[in-house]
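Student: Sequence first, predicted model second:
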Amino acid sequence: MPVLNRIAGFAEEMAQWRQHLHRHPELGFDCQQTAAFVVDRLKAFGITQIHEGLATSGVVAIVEGQGAGPTIGLRADMDALPIEEATGSPYASTVPGRMHACGHDGHTSMLLGAAKYLAETRNFRGRVALIFQPAEEDGGGAGVMCEEGIMERFDISEVYALHTSPGLDLGQFSTTSGAIMAAVDSFDVHIKGQGGHGAFPHDCRDPVIAAVGIAQALQSIVSRNHYALQDLVVSVTMIHTGTAENIIPDTAYLGGTVRTFDADVRDMVERRMGEIVAGQGASYGVDARLDYRRYYPATVNDADKAAFAVEVASEISGSARVFPDGGREMGAEDFSYMLERRPGAYLFLGQGKGPGLHNPGFEFNDAAAPIGASFFARLVERANPIDP
């Protein structure tokens with residue numbers, strides 16, 4: 001089964017929704033204009049059960065099917081990124097320093113397309129919970145919505161999400177059973193030494209040398225404290241210090257990210273970081289303090305739900321274009337919080353070659369939206385078919 005005919009019929013309308021959202025990006029939890037646009041569309045589709053203000057600006061809308069049955073959750077993220085757009089598109093961002101560089105404008109338009117179709121046809125039992133979520137990029141909006149009780153409040157039994165992928169051809173799907181994306185943590189190391197003249201380092205306690213030593217020593221966690229067949233990334237991505245070439249500064253700072261899949265590995269990394277920072281600080285005669293923060297957990301697909309999602313994707317794109325063992329990656333995703341609460345699956349949808357995610361030249365391919373909307377709609381119809 002290709003793209004559903006009815007959805008193909010309003011593909012241009014979906015593109016217009018997406019392009020409107022692209023022009024007006026919002027960050028974090030402050031997606032009020034985006035949410036208002038979503039609500040206006042939902043009302044135009046005849047959907048009346050609309051719940052606003054979740055996780056500040058999130059929206060959950062309920063579409064009733066024909067007869068009793070479970071509630072399936074479908075999620076789209078709405079927030080943009082603090083990036084200056086460089087696409088040159090006629091509908092480029094109108095907000096300086098902000099753009100939809102991760103395809104969330106497309107995710108929202110896909111879910112709106114599925115909403116329009118499901119509200120018209122209602123060819124399913126039970127209910128659909130359409131989840132429009134803020135703050136995926138920063139803040140963990142999915143976790144906040146779960147803490148606010150959306151799974152229990154709306155009696156959601158399973159949950160699914162799609163993410164656009166510029167690494168896959170248009171219409172290809174990729175997923176995997178079990179962990180598909182990593183847990184993400186971040187760390188800061190604050191170093192306090194004693195500054196002075198660059199010509200007299202013996203009168204100083206140099207925080208720059210300490211920062212370099214700590215950054216190098218942290219890499220030994222992966223190479224010497226960790227089993228090589230388990231995935232782990234420790235990346236120092238920032239070192240800030242100094243004001244002039246002839247001044248040894250008083251302080252230095254370094255920071256970075258950690259990506260893991262296993263809880264024990266996560267614990268080990270935090271412990272070893274603390275030991276390394278303390279030990280290296282003592283060896284260089286400086287005060288060094290670690291601030292380690294845990295963020296999104298690993299995104300773990302339910303095996304049965306992932307297999308079912310593969311079946312649905314194969315109906316839409318053909319089995320040769322669906323990769324059920326696409327492997328896992330070290331990126332992170334706050335949909336993990338929803339998958340901790342309910343079984344479900346997260347899939348990537350190809351949009352063709354082009355600039356990668358979080359790139360100022362990235363743009364969602366509108367041709368992918370009808371495919372994603374058809375996947376969502378058909379998943380509901382397959383999961384909760386009307387009794388013959």
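Tutor: Arrived safely, thanks for sending.
Student: Look up which helix or strand residue 363 falls in, please.
Tutor: Here residue 363, judged by DSSP states H and E, is contained in no helix and no strand.
Student: How about residue 345?
Tutor: Per DSSP H and E: strand 344-350 holds residue 345.
Student: Give me the contacts around that strand.
Tutor: 73, 158-175, 180-181, 299, 301-302, 305-306, 308-309, 313, 326, 333, 335, 338-339, 368, 371-372, 375 (C-beta atoms under 8 Å, 6 or more residues apart in numbering). C-beta here means a position set from N, CA and C on the backbone, and glycine is covered the same way.
Student: hey, where'd the helices end up in the stretch 201-350 of the chain?
Tutor: For the stretch 201-350 of the chain, the helices defined by DSSP state H, counting those that start in this stretch cover 207-218, 220-224, 263-284, 303-317, 335-341.
Student: Would you format those as CSV with distance to residue 195 included?
Tutor: Shown next, in CSV, are the helices of the stretch 201-350 of the chain (distance: least, C-beta to C-beta, whole Å):
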stretch, distance to residue 195
helix 207-218, 8
helix 220-224, 28
helix 263-284, 14
helix 303-317, 55
helix 335-341, 43
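Student: Export those to CSV and append columns for mean neighbour count, distance to residue 43 and mean pLDDT.
Tutor: Formatted as CSV, the helices of the stretch 201-350 of the chain follow (neighbours: other C-beta atoms under 10 Å; distance: least, C-beta to C-beta, whole Å; pLDDT from 0 to 100):
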stretch, mean neighbour count, distance to residue 43, mean pLDDT
helix 207-218, 21, 52, 98
helix 220-224, 13, 51, 97
helix 263-284, 17, 43, 97
helix 303-317, 20, 28, 98
helix 335-341, 22, 25, 98
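Student: So which of those helices is nearest residue 119?
Tutor: With C-beta to C-beta as the criterion, residue 119 lies closest to helix 303-317 of these, at 19.5 Å.
Student: contacts for the closest one?
Tutor: 1-3, 158, 160, 171-173, 175-178, 322, 324, 343-345, 347, 371, 374-375, 378-379, 382-383.
Student: Okay, and which of the contacts of strand 344-350 map to strands?
Tutor: 73, 158-165, 173-174, 180-181, 299, 301 (DSSP state E).
Student: tell me the domain boundaries of the protein?
Tutor: What automatic domain parsing lists as the domains of the chain is 5-180+298-383, 183-294.
Student: buried sites along stretch 121-134?
Tutor: 121-122, 124-134 (16 or more other C-beta atoms under 10 Å).
Student: That should have said stretch 194-203, apologies.
Tutor: Of the residues in stretch 194-203, those buried (16+ other C-beta under 10 Å) are 194, 195, 196.
Student: Can you give me the first-to-last residue distance of it?
Tutor: End-to-end distance for stretch 194-203: 8 Å, by C-alpha to C-alpha, to the nearest Å.
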